[in-house]
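J.: Fold the following, please.
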Amino acid sequence: MKGRNKYYTLALALLIVIAAWFYFSNQKETFHNDEASFAMRDTSEISSFQILNNKSSLTISKQNNLWQFDRGYIANPALLGICFKVFLQVEIKSPVSKNEKSQIIENLRKYGTEIIISSDKKVLRDFYLWADTSSKSIFMIQKISEIPFLVCLPSYNGNFSAVFRPDKDFWRDRTILRYLPGQISKIKVEQPDNIAQSFELIISSNQKPEIKNLKNIKIQNINSDAVEAYLYCFKNVKIFKFLKKNDLQYQDLNNAQPDFIVSVTEINGKTHTLKTFKRKFQNIQVNKPVQNFDMNYCFVTLDNKETALARYIDIDPLTRDIEFFTKK
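T.: Residues are numbered from 1 along each chain as shown. Below you'll find the predicted structure:
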């Protein structure tokens with residue numbers, strides 16, 4: 001009898017060990033299989049990533065060492081930095097509780113953003129990302145999974161999920177000119193209200209730079225340091241915001257006279273033209289309209305196709321008078 005009890009005790013202990021092994025194995029698998037693999041060890045293999053919601057999508061791909069979308073628009077490097085930080089460092093805080101699980105999954109798939117990360121034609125990651133703004137919580141789930149997770153991004157306090165939006169205007173880099181001196185062959189600056197200060201700067205690889213006024217008269221005693229400093233002003237020219245016709249800040253400039261017309265010609269002969277305009281305000285005082293101008297921002301048109309709002313501090317270095325280049 002005692003031998004039989006000993007046999008039952010050993011059998012029961014063995015069953016307990018086996019059950020515990022299965023339990024902990026399943027727990028480990030939950031956190032270490034593909035369902036929980038959001039962060040990547042290496043992002044250098046990424047060639048593109050796609051952002052999709054229930055309304056639209058946007059694909060950002062690497063071309064000639066630049067991240068671009070929609071036939072050549074360059075993606076904002078600051079936003080790219082946040083995206084790649086998510087791809088590399090996003091962490092799981094905890095799985096979602098059983099009580100919340102079904103609702104969180106529904107929200108992720110219905111209201112969340114799908115992100116597909118690829119290397120050429122191979123999909124590296126495909127997951128959904130959604131922020132519950134009421135609880136300030138961010139959740140992720142693999143597309144092929146039914147296990148959602150509460151996640152975080154170390155050293156980032158904001159809602160990083162808001163970066164992933166398929167909005168072309170949001171993603172577009174606000175740098176409109178990026179030239180090094182050796183990439184420019186000519187710069188022409190016209191002032192319709194001040195022709196005497198308008199000029200054309202001609203850069204030749206074999207000769208010293210020349211400056212002419214609009215009467216084609218060559219200016220003598222050019223300050224070479226001023227020319228060099230001026231050329232570097234075209235290295236990183238930014239605008240504040242691109243404007244659409246339905247934007248409240250938009251103003252029709254078709255019949256307006258520009259303050260400056262800046263034309264930059266590349267060494268391959270391609271020319272880009274910027275026109276600057278004062279930004280008008282309309283105030284009403286005693287039933288009489290009074291017009292004044294913004295002292296901080298101006299309008300800029302790009303190749304007569306697009307309109308942008310720019311800060312004078314970013315645009316003023318391009319709009320020099322001819323006297324800037326003459327030796328004192």
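
J.: Return the per-residue confidence for S185.
T.: S185 carries a pLDDT value of 95.

J.: same question, E106
T.: 96.

J.: tell me the SS of it?
T.: helix (DSSP: H, G, I helix; E, B strand; the rest coil).

J.: which stretches of the stretch 201-328 of the chain aren't confidently modelled?
T.: The stretch 201-328 of the chain contains residues with pLDDT under 70 at 282-291, 328.

J.: all helices of it, in order?
T.: Secondary structure of the stretch 201-328 of the chain (DSSP state H, counting those that start in this stretch): helices located at 224-231, 312-315.

J.: what packs against the shortest one?
T.: The contact analysis (3 or more CB pairs under 8 Å, 6 or more residues apart in numbering; DSSP states H and E) places helix 312-315 against strand 237-238, strand 288-302. Just so you know, the C-beta spots here come from the backbone N, C-alpha and C atoms, and that holds for glycine as well.

J.: Would you mind giving the ones you listed as a markdown table with distance to K122 and mean neighbour count added?
T.: Formatted as a markdown table, the helices and strands packed on helix 312-315 follow (distance: least, CB to CB, whole Å; neighbours: other CB atoms under 10 Å):
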| stretch | distance to K122 | mean neighbour count |
| --- | --- | --- |
| strand 237-238 | 35 | 18 |
| strand 288-302 | 37 | 15 |
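
J.: Would you mind measuring from the closest residue to L153 other than its chain neighbours to K168?
T.: Distances taken as CB to CB, 6 or more residues apart in numbering put F160 closest to L153, at 5.0 Å, once the chain neighbours are dropped. Counting by CB to CB, to the nearest Å, the gap from F160 to K168 is 20 Å.

J.: F299 is in contact with P258, isn't it?
T.: No - with contacts counted by CB atoms under 8 Å, F299 stays clear of P258, the gap being 9.1 Å.

J.: Can you check which residues contact both of the two?
T.: 276-277 (CB atoms under 8 Å, 6 or more residues apart in numbering).

J.: related to what we said a few turns ago, tell me which of the helices of the stretch 201-328 of the chain is the most buried.
T.: Most buried of the helices of the stretch 201-328 of the chain, by mean neighbour count (mean count of other CB atoms under 10 Å): helix 312-315, with a mean of 17.

J.: who touches it?
T.: Outside helix 312-315, the residues touching it (CB under 8 Å, 6+ apart) are 237-240, 274, 276, 295-298, 300.
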